[in-house]
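Trainee: the following block contains a protein sequence and its predicted model.
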Amino acid sequence: MKAVAVIPKKENSVHLVEMDKPDPAEFKDGRGVLVEVLRVGACGTDREINNAEYGVAPKGFDFLVLGHENFGRVVETGKNVKELKKGDFVVATVRRPRGSSIYDKIGTQDFTTDDKYYERGISRLHGFMAEFYVESADFLIKIPPALAEIAVLLEPLSIIEKGLKQASDIQERLKIWRPKTAAVLGTGNVGLLTVMALRMRGYEVHGFGRNPRTGYLNAELCEAIGATYDSTEDVSVKDSTKKYGEYDLVFECTGFSPIIFDAMQSLNENGILILSSVTGGDRKTDAVPSDKINQMFVLGNRAMVGTVNANREHFEMGVKDFALCEAMYPGWLVRMMTHKVEGLENFAEVFDILEHSSKYNAIKAYFEVKKF
Ligand code: BGC
């Protein structure tokens, strides 16, 4: 079968490889599932791995099959798989509990404290940019057929769902927390999914991006789901509070780390800031009003939390938000799926879109590996 791979730490090494079709019998406990890949999304993480910023090949290989945003259909199941059958649509989670930390042992590998973590398509495990994969049923989420068209967006949504679950768990400190307003920093595909998830929870949502409003599809999508859009070229997040008031929750997904200090100053008393950008560079910033920020956090009981990866429950929360969004704003989610590329052999096109997403006006580029 065909797969799209990189040589980790070698710049622009993305290429096609030929591999054996995997066998679910690899799972000796009878829990193996063979899945035919239908669609795979591409994101900044894939771009950064191809730019040699990170990524680790599995043991015994000098290449890593890319792809973690996935959607497929069950072809064959092991004898101990009762919850899935041939023909079911599925999305696989990304991280596996292969580390030695207590969190891996209790099935919350998204909280692993190990430096070496195991993520399909990212670190030490082959990913889903392939015609087939095998996986234990434990890591497969069943997708209702009515959501098949947009299910390739579930993995990025799972990251947000985990962030929001973190926030609500942390805010239990307050006994009563009735958040009303939220700011979402960044309106790329992760930002837009965050806007959606917060709108599904009834927040008044304010989205912020760098692009000017006029003619910007992402801004249009914010407004189409009942949120606002402002360009940070016109108003900083901190200053936007003069217009919208301070935010109960701020979700950062720009990839531009200096903005977090601005975000800290836009939080309401008892508010929470969630950081989700994996900023692999070495950007620095000065002119941080540290006394002011520190005092705001202390006197206002404000909180800030970083979040990465997602577990089964977060994917399941995402399926419910998708269903609600389709009911409330039919056709909104599919508008994010701007660039479909048919066939894994056309990987160069997908990576060109990733590298020049603003030239293409791309929100989400993805492979259609097989029509369904
Ligand atoms: C993936 C996460 C992963 C993170 C760090 C993100 O792009 O969606 O599943 O944990 O990268 O590798």
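Mentor: Good, I have the coordinates.

Trainee: pLDDT-wise, which helix or strand of this structure ranks last?
Mentor: Least confident helix or strand, the chain: helix 357-360 with a mean of 90, by mean pLDDT, DSSP states H and E.

Trainee: who does the next helix or strand after it pair up with?
Mentor: Moving toward the C-terminus from helix 357-360, the next helix or strand (DSSP states H and E) is strand 365-368. Using DSSP bridges, strand 365-368 pairs in its sheet with strand 32-42 (antiparallel), strand 339-342 (parallel).

Trainee: for the ones you listed, which one sits closest to the ligand?
Mentor: Of all the strands paired with strand 365-368, strand 32-42 sits nearest to the ligand, with 9.6 Å by C-beta to the nearest ligand atom. All C-beta spots, glycine's among them, are computed from the backbone N, C-alpha and C.

Trainee: close to the ligand, is that closest one?
Mentor: No. Judged by C-beta under 6 Å from any ligand atom, strand 32-42 makes no contact with the ligand; its nearest approach is 9.6 Å.

Trainee: out of the strands paired with strand 365-368, which one sits most buried?
Mentor: Mean neighbour count (mean count of other C-beta atoms under 10 Å) peaks for strand 32-42 among the strands paired with strand 365-368, with a mean of 24.

Trainee: burial of the residue in the stretch 51-200 of the chain that the ligand sits nearest to, as a residue count?
Mentor: Among all residues of the stretch 51-200 of the chain, residue 94 sits closest to the ligand, at 3.8 Å; criterion: C-beta to the nearest ligand atom. Residues near residue 94, counting by other C-beta atoms under 10 Å, number 29.

Trainee: ok, the one 5 residues further on next?
Mentor: When neighbours are defined as other C-beta under 10 Å, residue 99 has 18 of them.

Trainee: on that earlier part again, okay if I get the strands paired with strand 365-368 as CSV plus distance to residue 126 and mean pLDDT?
Mentor: CSV is the format used below for the strands paired with strand 365-368 (distance: least, C-beta to C-beta, whole Å; pLDDT from 0 to 100):
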stretch, distance to residue 126, mean pLDDT
strand 32-42, 12, 98
strand 339-342, 20, 98
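
Trainee: what about the residue in the stretch 201-350 of the chain that the ligand sits nearest to, neighbour count?
Mentor: Going by C-beta to the nearest ligand atom, the ligand is nearest to residue 309 of the stretch 201-350 of the chain, at 3.4 Å. For residue 309, the count of nearby residues is 19 (other C-beta under 10 Å).

Trainee: domains in the protein, by residue range?
Mentor: Here the domain parsing of the chain from automatic domain parsing is 2-143+338-368, 158-306.

Trainee: adding distance to residue 150, write those out as CSV.
Mentor: Shown next, in CSV, are the domains of the chain (distance: least, C-beta to C-beta, whole Å):
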stretch, distance to residue 150
domain 2-143+338-368, 9
domain 158-306, 10
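
Trainee: quick check, central residue of the chain?
Mentor: Centroid-nearest residue in the chain, with C-alpha atoms, centre = their mean: residue 156, separated by 2.3 Å.

Trainee: list the contacts of residue 36.
Mentor: The contact partners of residue 36, taken as C-beta atoms under 8 Å, 6 or more residues apart in numbering, are 72-73, 75, 131-132, 370.

Trainee: for it, give the beta-bridge partners.
Mentor: Note on residue 36: beta-bridge partners by DSSP bridges are residue 73, residue 132.

Trainee: from residue 206, how far out is it?
Mentor: To residue 206, residue 36 is 41 Å away according to C-beta to C-beta, to the nearest Å.

Trainee: over to residue 138?
Mentor: 39 Å.

Trainee: more neighbours: these two, which one.
Mentor: residue 206 (26 against 16).

Trainee: contacts only, for that one.
Mentor: Contact analysis of residue 206 by C-beta under 8 Å, 6+ apart lists 181-184, 227-228, 230, 240, 244, 247.
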